[in-house]
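Q: Task: produce atomic coordinates for the following.
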Amino acid sequence: MSLAQPILVFDIETVTDLQAGRHLYQLELSDEATEAALAKIFRQDKGHDFPPLVLHNVVCISGLWIENQEIKLFSWTQEQYTEKQLLQRFVQIFEHQRPILVSWNGSQFDLPVIMQRCLYHGISAAALYDHGEWNRHKRQDNYQNRYQLRHTDSMDDLSQFNLRHIQKLDEIAQFLGFPGKRIAQGYHVAQQVKDAQWDEMSAHCEGDVLNTWLIYLRWSLLRGFIDEQAHQLWIEHTIAYLKQQPKQQTYLKKKKKSAQST
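A: Numbering: from 1, shown residues only. Predicted structure coming up:
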């Protein structure tokens, strides 16, 4: 048994779009004051300071590409690209190929944010968001419908689409002996952007991607898509690849420690 390929496991990092927030709420304030004002508005409206989807500025997209048994980990950040360019690079993947998409909470957050921001920048993403309007074969095989395999949102699947059963990525990863989060309390993407800590940000995003991939492998074993031998081979293959990636040595050390403790 083998996994359908190619596979793209992905995750995004975002900050509040202060310019759009100023426009939306008619604020004439400095960046710092705008950030504080928007957080207060969000708390009043929603009970928390998490921005609405339209105000998430995508600053990093990380992914793991698996094809023909080859693995490639990558990150694009606003150190090199504008948000529009990041989004264009991501959606162009689907113009050329139709990978199995794997995420954690991608159905509720990552893909809706990407859609709203593509709408904002005037980017066409038909291959990603087509429900079958233009290609009828995609009616039962697209990235939007929850219960199809073209996009596997591992959080949704492991909760059996029940909000009461939802677990955090960090908890499931550590439960299975994977590293989980590799950062201290108080991690704040906006501060990393201000401090130009792009490598630290992308390392964190890639860590979430790797955890999602390893959970997906275990889920594939659970569902019978691969057998125990194939599962073990994929784990070993992934570890061998990561050993050649200098930025992932901390991840490997924490994986070993977590696996031993479980």
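
Q: secondary structure class for H131?
A: Using DSSP: H, G, I helix; E, B strand; the rest coil, the structure places H131 in coil.

Q: So it is in contact with N142, correct?
A: Yes: with contact defined as Cβ atoms under 8 Å, H131 reaches N142; the gap is 5.5 Å. All C-beta atoms are positioned from the backbone trio N, CA, C, and that covers glycine.

Q: for N68, what are its contacts?
A: Applying Cβ atoms under 8 Å, 6 or more residues apart in numbering, we find N68 in contact with Q5.

Q: what's it sitting at in phi/psi?
A: phi 50, psi 40 (degrees, to the nearest 10).

Q: again, but for T77
A: Phi and psi for T77, reported as degrees, to the nearest 10, are phi -130, psi 170.

Q: now I123
A: phi -100, psi 130.

Q: what comes up buried for the helix or strand L86 falls within?
A: Assigned by DSSP states H and E, L86 falls within helix 83-96. For helix 83-96, burial by neighbour count (16 or more other Cβ atoms under 10 Å) applies to 83, 86-88, 90-91, 93-94.

Q: now that helix: how far from the chain's centre is it?
A: Here helix 83-96 shows a centroid-to-chain-centroid distance of 15 Å under the convention Cα atoms, centre = their mean, to the nearest Å.

Q: who does it touch, helix- and strand-wise?
A: If you count contacts as 3 or more Cβ pairs under 8 Å, 6 or more residues apart in numbering; DSSP states H and E, helix 83-96 packs onto strand 56-67, strand 70-77, helix 111-121, helix 126-129.

Q: closest to Y216 out of the ones you listed?
A: Y216 lies closest to strand 56-67 among those, at 9.7 Å (Cβ to Cβ).

Q: and that closest one with helix 83-96, angle?
A: Between strand 56-67 and helix 83-96, the angle comes out at 30 degrees (axes from the mean of the first three to the mean of the last three Cα atoms, to 10 degrees).

Q: Mean confidence (pLDDT) on strand 56-67, please.
A: For strand 56-67, mean pLDDT is 97.

Q: Partner strands of it and their direction?
A: strand 7-16 (antiparallel), strand 70-77 (antiparallel) (DSSP bridges).

Q: Excluding chain neighbours, give the residue nearest to A203 in space.
A: K247 (5.5 Å; Cβ to Cβ, 6 or more residues apart in numbering).
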